[in-house]
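Chemist: give me coordinates for this.
(2 chains)
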Number of protein chains: 2
Amino acid sequence: MAFETKATIASFGGKLFKLSHNSTETTTPMAVNLYLPPQSFTSDSPAKVPVLIYLSGLTCTPENCSEKGFFQHRASQLGLAVVYPDTSPRGLGHPGETDAWDFGVGAGFYVDAIRDPWRRGYRMESYVAHELPRALFSDPHYGRFLDADRVSITGHSMGGHGALTLYLKNPGLYRSVSAFAPIANPSRCPWGEKAFSGYLGDDREEWKKHDATELVKAWKGGDLKALVDVGTGDNFYKQGQLLPENLEKAAKEAGVEGLTVRYQEEYDHSYYFMATFSDDHVNHAAKHLGLL
Amino acid sequence: MAFETKATIASFGGKLFKLSHNSTETTTPMAVNLYLPPQSFTSDSPAKVPVLIYLSGLTCTPENCSEKGFFQHRASQLGLAVVYPDTSPRGLGHPGETDAWDFGVGAGFYVDAIRDPWRRGYRMESYVAHELPRALFSDPHYGRFLDADRVSITGHSMGGHGALTLYLKNPGLYRSVSAFAPIANPSRCPWGEKAFSGYLGDDREEWKKHDATELVKAWKGGDLKALVDVGTGDNFYKQGQLLPENLEKAAKEAGVEGLTVRYQEEYDHSYYFMATFSDDHVNHAAKHLGLL
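Modeler: Numbering: from 1, shown residues only, chains lettered A, B, ... in the order given. Below is the predicted model:
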């Protein structure tokens, strides 16, 4: 579906486009922000730039990280586009979908739900991994700026879970992955257990298909090209919602190389943490996208 | 008055402190954020760092620019503290103080009001220029990190007006000034006319004491050391709320040197604009504070 441009905002020499399009997967209009770097505007027929997809955490919209994550800072220097999708369908009207901040609206968890009523529309996995990039890359206006063959993925918290699992489930789809404070073992934390029960049901074998710590055990894609940052002052980390150690252990036991997990002293779960290290994550992606 | 530390947040290698203290000028508790750069934590007795005071625009609290302005990015590299005061007293209960977004709460305009009831508490000029820095510099905990002799000031929109006027009214108090999209001639724009009528009354001679375009005509402090950025896509600029050309013209006619006004193509009034150029404004301050 074609994208409607709701706003165009100058940012770090490039432009942030606030877009909307009708999604077949979610059956709703979906908001998405697209940042194009200055390199996209230097000539009438600029070279296509590689793309970093950023998946947001619980409760977020495309705006939060666009405003507070500062990915544009480094992306503008290197010539990288950034895509900020939304975190769930909005407006489906499923009973209870706005009752909790960690389930339903704002909390799609980047899975295709199989339980009713969620299986209608709560299909953020297919939307983010396939429908949205296809729509962007084939868009008559925006597609000409974007290199469909050079895509990396990153995300924060629930979005870190999304980035890691989509990467691990789709070898070759992304050149690299990174995550800030990801929910790295959702089958074993309260957030994940609630979301997976609701969207997927009680069969824990089904859950394993959406759990980075389980998926990494079966990874056959070679060097993982994965960077993870976790703040040691992050209350959700301390409460056992993130469990990055489980991911590290599973990768190690499976003999999977290329996972770097950094524990950042005193940092919390907020955008202050992300803003501090977003340059590093853009650099990580850029290295694997041929920009560095 | 002593500062209460409400939160401590790791940011760009340094720390952002969310503080509160009781102000004599406003007669209320006042929130203020203080960013200390990594250099403040490298030893048990670190050298005092210079200070950049950032004044926010209409409706803002200390949080907006701390989260979205990106000043910590460059301040952390150079070793500069940043102080983010609030924009008005809160909770005084003056009739009508929350009726409008451009007058009263969130809109103190950095003047000492002389009209009733505002003259009680709406004393943001004395608070920002004198009480707050004195309180910070003499604070037993935070004062030891801050160099009271090296202070610069900056601000956005209403806060750009505040930065320019406090700088021009107090030669020697600040080493330099900068502003993003400042209300540069408030006596001649709707925002300024409303605020000055309300806080100062109908005597336009009184208004001139708080109008950068008027104050610059009498400036005797030598080179102005002033950097101003305005976006050409800024709707408030287009509507004549900012009037930076009037400031430029007045400075030129008065023979005042050292004012650089840059018109940034397509940028709007938002934090996207500020984040793009905050490195430049920190560099401008740092140059005059002896850091560059």
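Chemist: against A:Tyr35, how distant is the residue nearest in space to the middle of chain A?
Modeler: Most central in chain A under C-alpha atoms, centre = their mean is A:Leu55, positioned 2.3 Å from the mean C-alpha point. Going from A:Leu55 to A:Tyr35 by C-beta to C-beta, to the nearest Å gives 15 Å. Yep, even glycine has a C-beta here, placed from its N, CA and C like the rest.
Chemist: does A:Glu63 really touch A:Asn33, like I thought?
Modeler: Yes - A:Glu63 lies in contact with A:Asn33 (C-beta atoms under 8 Å); the separation is 7.1 Å.
Chemist: those two: which is more packed in?
Modeler: Remark: of A:Glu63 and A:Asn33, A:Asn33 carries more neighbours, 24 against 15, as counted by other C-beta atoms under 10 Å in any protein chain shown.
Chemist: okay, now the sheet partners of the helix or strand hosting the more buried one, with direction.
Modeler: Using DSSP states H and E, A:Asn33 sits within strand A:29-36. Partners of strand A:29-36 in the sheet, by DSSP bridges, are strand A:14-22 (antiparallel), strand A:81-85 (antiparallel).
Chemist: may I see the buried residues of the shortest one?
Modeler: Residues of strand A:81-85 classed as buried under the neighbour-count rule (16 or more other C-beta atoms under 10 Å in any protein chain shown) are A:Ala81, A:Val82, A:Val83, A:Tyr84, A:Pro85.
Chemist: closest to B:Ser278 out of those residues?
Modeler: In terms of C-beta to C-beta, no member of these lies closer to B:Ser278 than A:Val82, at 19.2 Å.
Chemist: excluding sequence neighbours, find me the nearest residue to that closest one.
Modeler: In this structure, A:Val82 finds its nearest non-sequential neighbour in A:Tyr35, 4.2 Å apart by C-beta to C-beta, 6 or more residues apart in numbering or on different chains.
Chemist: for the one you found, what are its contacts?
Modeler: Residues in contact with A:Tyr35 (C-beta atoms under 8 Å, 6 or more residues apart in numbering or on different chains) are A:11, A:14-17, A:66, A:71-72, A:75, A:81-84.
Chemist: tell me the secondary structure at the residue of the stretch 101-250 of chain A found nearest chain B.
Modeler: Across the stretch 101-250 of chain A, the shortest distance to chain B (C-beta to the nearest C-beta) belongs to A:Gly233, at 6.4 Å. Following DSSP: H, G, I helix; E, B strand; the rest coil, A:Gly233 is assigned to coil.
Chemist: what helix or strand does the closest residue to it other than its chain neighbours sit in?
Modeler: Nearest residue to A:Gly233, sequence neighbours excluded (C-beta to C-beta, 6+ apart): A:Glu266, at 4.5 Å. Of the helices and strands defined by DSSP H and E, none includes A:Glu266.
Chemist: verify the contact between A:Glu266 and A:Tyr237 for me.
Modeler: No - if you go by C-beta under 8 Å, A:Glu266 and A:Tyr237 don't touch, sitting 11.7 Å apart.
Chemist: any stretches of chain A with poor pLDDT?
Modeler: A:1 (pLDDT under 70).
Chemist: who in it is up against chain B?
Modeler: Counting by C-beta under 8 Å from any C-beta of the partner chain, chain A comes close to chain B at A:9-13, A:16, A:67-68, A:70, A:72-73, A:231, A:233, A:264-268, A:270-273, A:275-276.
Chemist: what segments of the stretch 101-250 of chain A are helices?
Modeler: A:124-126, A:132-138, A:158-169, A:190-200, A:204-208, A:212-215, A:235-238, A:244-253 (DSSP state H, counting those that start in this stretch).
Chemist: ranking these by burial, who's on top?
Modeler: Mean neighbour counts were compared across the helices of the stretch 101-250 of chain A using mean count of other C-beta atoms under 10 Å in any protein chain shown; the top stretch is helix A:158-169, at a mean of 28.
Chemist: show me what that one is packed against.
Modeler: strand A:49-55, strand A:146-155, strand A:177-180, helix A:212-215, strand A:226-231 (3 or more C-beta pairs under 8 Å, 6 or more residues apart in numbering or on different chains; DSSP states H and E).
Chemist: pick the most buried one from these.
Modeler: By mean count of other C-beta under 10 Å, those have strand A:177-180 as the most buried, with a mean of 30.
Chemist: what's that strand in contact with?
Modeler: With C-beta under 8 Å, 6+ apart, strand A:177-180 has contacts from A:152-157, A:159-161, A:163-164, A:167-168, A:224-230, A:273-274, A:277, A:281, A:284-285.
Chemist: with stretch A:284-292 instead?
Modeler: A:50, A:52, A:74, A:78-80, A:150-152, A:154, A:175-176, A:178, A:225, A:227, A:283.
Chemist: need the strands paired with strand A:29-36 in a markdown table with distance to B:Ser43, can you?
Modeler: Below are those laid out as a markdown table (distance: least, C-beta to C-beta, whole Å):
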| stretch | distance to B:Ser43 |
| --- | --- |
| strand A:14-22 | 40 |
| strand A:81-85 | 38 |
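Chemist: right, and these - which one's nearest B:Gly201?
Modeler: Nearest to B:Gly201, of these and by C-beta to C-beta, is strand A:14-22 at 42.8 Å.
Chemist: mind listing what's buried in that closest one?
Modeler: Buried residues in strand A:14-22 (16+ other C-beta under 10 Å): A:Gly14, A:Lys15, A:Leu16, A:Phe17, A:Lys18, A:Leu19, A:Ser20, A:His21.
Chemist: quick check, nearest of these to chain B?
Modeler: Closest approach between the buried residues of strand A:14-22 and chain B, by C-beta to the nearest C-beta: A:Leu16, at 6.7 Å.
Chemist: who's that closest one bridged to?
Modeler: A:Ile9, A:Tyr35.
Chemist: so it sits against A:Gln72, correct?
Modeler: Yes - contact criterion C-beta under 8 Å: A:Leu16 and A:Gln72 qualify, at 7.1 Å.
Chemist: just want the phi and psi numbers for A:Ala47.
Modeler: Backbone torsions of A:Ala47, given as degrees, to the nearest 10, read phi -70, psi 150.
Chemist: nearest spatial neighbour of it, skipping sequence neighbours?
Modeler: A:Ala47 sits nearest to A:Gln39 (C-beta to C-beta, 6+ apart), 7.4 Å away.
Chemist: now that neighbour: how far from B:Gly104?
Modeler: Distance from A:Gln39 to B:Gly104, by C-beta to C-beta: 45 Å.
Chemist: next one: A:Asp102
Modeler: 37 Å.
Chemist: if you count surrounding residues, which of those two has more?
Modeler: B:Gly104 (23 against 17).
Chemist: ok, that one - contacts?
Modeler: Per C-beta under 8 Å, 6+ apart, neighbours of B:Gly104: B:Ser88, B:His94, B:Gly96, B:Glu97, B:Thr98.
Chemist: what sits against A:Ala275?
Modeler: A:Lys68, A:Gly69, A:Phe70, B:Ser11, B:Phe12, B:Phe70, B:Gln72, B:His73.
Chemist: wait, the fourth one sits on A:Met274?
Modeler: The reference is to B:Ser11. No - using C-beta under 8 Å, B:Ser11 is not in contact with A:Met274; the gap is 10.5 Å.
Chemist: list the contacts for the residue nearest to A:Ser88 when sequence neighbours are not counted?
Modeler: The shortest distance from A:Ser88 to any residue other than its chain neighbours is 3.5 Å, reached at A:Gly108 (C-beta to C-beta, 6+ apart). A:Gly108 makes contacts with A:Thr87, A:Ser88, A:Pro89, A:Tyr122, A:Met124, as judged by C-beta under 8 Å, 6+ apart.
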